[in-house]
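Asker: mind folding the following:
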Amino acid sequence: MADQARVHVVIEGRVQGVFFRASTRDEARARGLGGWVRNRPDGRVEAVFEGDQRMVENMLAWCHKGPSYAYVDRVEVEWQAYAGDLMDFRVVY
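Answerer: This is a model prediction of the structure:
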């Protein structure tokens, strides 16, 4: 069994109004990750990714770029204990 990981990220920059949430959902699902993504009132985007360690790390790398119209200034990363409670990936409102 592959190593499992969970990470909480907050992404700062031009990340709202550029399809960041929908793109994050699609990218996470393509990697087989569970979790969620949402816009924050302060203009940042917040997400949790859970699944295969390698795929979580790959998703983190994607978060530093985002979709084509986004501009990422900063990504805050907090590694958390794997819980196994996130089976799908969704956009949270």
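
Asker: now the residue positioned nearest the centre of the chain: which helix or strand?
Answerer: By C-alpha atoms, centre = their mean, the mean C-alpha position of the chain lies nearest to Ala47, the distance being 4.4 Å. Taking DSSP states H and E as the criterion, Ala47 maps to strand 45-52.

Asker: got the contact list for that strand?
Answerer: 2-11, 15-16, 20-21, 24, 28, 31-40, 56, 59-60, 63, 80, 82-86, 89 (C-beta atoms under 8 Å, 6 or more residues apart in numbering). Using the backbone N, CA and C atoms, a C-beta is placed for each residue, glycine as well.

Asker: buried among these? Make that a PyMOL selection.
Answerer: The PyMOL command for the buried members of the contacts of strand 45-52 (criterion: 16 or more other C-beta atoms under 10 Å) is given here:
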select buried, resi 5+6+7+9+10+11+15+16+20+21+24+28+31+33+34+35+36+37+39+56+59+60+63+82+86+89
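
Asker: if I look at Ala28, how far off is Val7?
Answerer: 11 Å (C-beta to C-beta, to the nearest Å).

Asker: residues touching Gly66, list them.
Answerer: Going by C-beta under 8 Å, 6+ apart, Gly66 touches 11, 13, 15, 18, 20, 23-24, 72.

Asker: of the residues you listed, which belong to strands?
Answerer: 11, 13, 72 (DSSP state E).

Asker: can I get the residues you listed in a markdown table with pLDDT?
Answerer: Listed next are the ones in strands among the contacts of Gly66 as a markdown table, based on pLDDT from 0 to 100:
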| residue | pLDDT |
| --- | --- |
| Ile11 | 98 |
| Gly13 | 98 |
| Val72 | 98 |
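
Asker: could I get these as TSV with distance to Gly51?
Answerer: Formatted as TSV, these follow (distance: C-beta to C-beta, whole Å):
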residue	distance to Gly51
Ile11	19
Gly13	25
Val72	22
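
Asker: nearest to Tyr93, of the residues you listed?
Answerer: For the ones in strands among the contacts of Gly66, the residue nearest Tyr93 by C-beta to C-beta is Ile11; the value is 17.1 Å.

Asker: I appreciate the help and will end here.
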